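> model this:
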Amino acid sequence: MALRELENYKRIMESNLDPDLRICRLLGVIKDDENQLIGLLLTYIDCDFLTLACAVEHDTPVSTRQKSVDQVTDTLTQLHNAGLVLG
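Sure thing, here's the model as predicted:
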């Protein structure tokens, strides 16, 4: 499973995606003393404390919901256009 994840991050790195696309990118891997993979170091995405879970709350303004829909749609479109289907 880890190898598949690393391959996906490699494909993301090698693609021509917009550098401002709000997806995690691999910075490095973390290994233990026996050279076993124990973690991935990923870029941080600042979401201004508004996650998709927050965006679907009933009191969330329609404009905020639409912004979230637009961001997800744009992200998936760019990933799929680059031939990246992650799940």
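> if I pick residue 37, what's in contact with it?
Applying CB atoms under 8 Å, 6 or more residues apart in numbering to residue 37 gives the contacts 2, 29, 30, 31. Any C-beta I mention is one placed from the backbone N, CA and C, and that applies to glycine too.
> Next, it: phi, psi?
Backbone geometry at residue 37, expressed as degrees, to the nearest 10, gives phi -60, psi 130.
> which residues does it form a beta bridge with?
Taking DSSP bridges as the rule, residue 37 bridges to residue 31.
> what separates it from residue 58, distance-wise?
41 Å (CB to CB, to the nearest Å).
> before we move on, the earlier item: and the contacts of residue 37, which is the shakiest by pLDDT?
Confidence by pLDDT is poorest for residue 2 among the contacts of residue 37, given 82.
> what's around residue 9, how many residues?
19 (other CB atoms under 10 Å).
> now the helices for the protein?
Counting by DSSP state H, the chain has helices at residues 2-14, 52-55, 62-81.
> so which of the ones you listed comes closest to residue 44?
Proximity to residue 44 (CB to CB) singles out helix 2-14 among those, at 15.0 Å.
> residues making contact with stretch 14-33?
Contacts with stretch 14-33, where a contact means CB under 8 Å, 6+ apart, come from 6, 9-10, 12-13, 37-43, 45, 71, 74-75, 78-79, 82-84.
> Now do that stretch: distance to the chain's middle.
9 Å (CA atoms, centre = their mean, to the nearest Å).
> same question, stretch 73-87
11 Å.
> which of the residues in that stretch are buried?
Buried residues in stretch 73-87, counted by 16 or more other CB atoms under 10 Å: 78, 79, 82, 84.
> Contact partners for the last one?
Just to be clear, that refers to residue 84. Residue 84 makes contacts with 8, 11, 12, 15, as judged by CB under 8 Å, 6+ apart.
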